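A.B. asks: generate coordinates for the sequence data below:
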Amino acid sequence: MGQKFLIDTNVISHLFAERLPETGKEFVKNVINADFIISVAVEIEVLTYHEIPEKMTLIEAFINLATILPLDKDVTRKAIELRRIQRKLKLADAIIAATAIVYQLTLITNNTKDFKDLKKLTIIDPHSL
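C.D. replies: Residues are numbered from 1 along each chain as shown. Down below sits the predicted model:
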């Protein structure tokens, strides 16, 4: 089985705002077409995001295409562990990172600074491809 990915909120917002570089955009589109996976925390963040309110109907339809991984007991325990280790980690970021770790997914994010010290988390920044 090949590498699987978890897509972070900022990647979706950059995709819709057309702020991804061409190489990163193609990479993200390929991931989405193969297996579009997000955390429930990403769903919440994306659907409350209002930088481009005229696209919210389109964004809602887009999110409905995703496999949304829940905040289950394993993810909750891992998020708690991550926040105990890195106290400045925001709750949503802890849930997203924990989801990626528990489900053995590579996180696609532009928010590398908040995740850089988390062991067992693999990250790809589409802005750096």
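
A.B. asks: most distant residue from the centre of this protein?
C.D. replies: Residue farthest from the centre of the chain, counting by CA atoms, centre = their mean, is Glu54 at 22.3 Å.

A.B. asks: give me the phi and psi angles of that one.
C.D. replies: phi -70, psi -10 (degrees, to the nearest 10).

A.B. asks: same check on Gln3?
C.D. replies: The phi/psi pair for Gln3 (degrees, to the nearest 10) is phi -60, psi 140.

A.B. asks: tell me where this protein has helices.
C.D. replies: In the chain, the helices defined using DSSP state H lie at 9-16, 22-35, 40-47, 56-63, 73-85, 91-102, 112-115.

A.B. asks: name the residues of the fourth one that are buried.
C.D. replies: If you call a residue buried by 16 or more other CB atoms under 10 Å, then helix 56-63 has these buried ones: Ile59, Phe62, Ile63. No exception for glycine: its C-beta is placed from N, CA and C like everyone else's.

A.B. asks: for Glu43, see how far away the first one is.
C.D. replies: Using CB to CB, to the nearest Å, one gets 11 Å for the distance from Ile59 to Glu43.

A.B. asks: rewinding a little: looking at the helices of the chain, which is buried most?
C.D. replies: Mean neighbour count, computed with mean count of other CB atoms under 10 Å, is highest for helix 91-102 among these, reaching a mean of 24.

A.B. asks: hmm, Glu45 is touching Lys90, no?
C.D. replies: No: using CB atoms under 8 Å, Glu45 is not in contact with Lys90, being 10.4 Å away.

A.B. asks: which phi and psi does the closest residue in space to Thr112 that isn't next to it in sequence have?
C.D. replies: Closest residue to Thr112 apart from its sequence neighbours, by CB to CB, 6 or more residues apart in numbering: Asp125 at 5.3 Å. Per-residue torsions, Asp125: phi -100, psi 110 (degrees, to the nearest 10).

A.B. asks: good, we can wrap up now.
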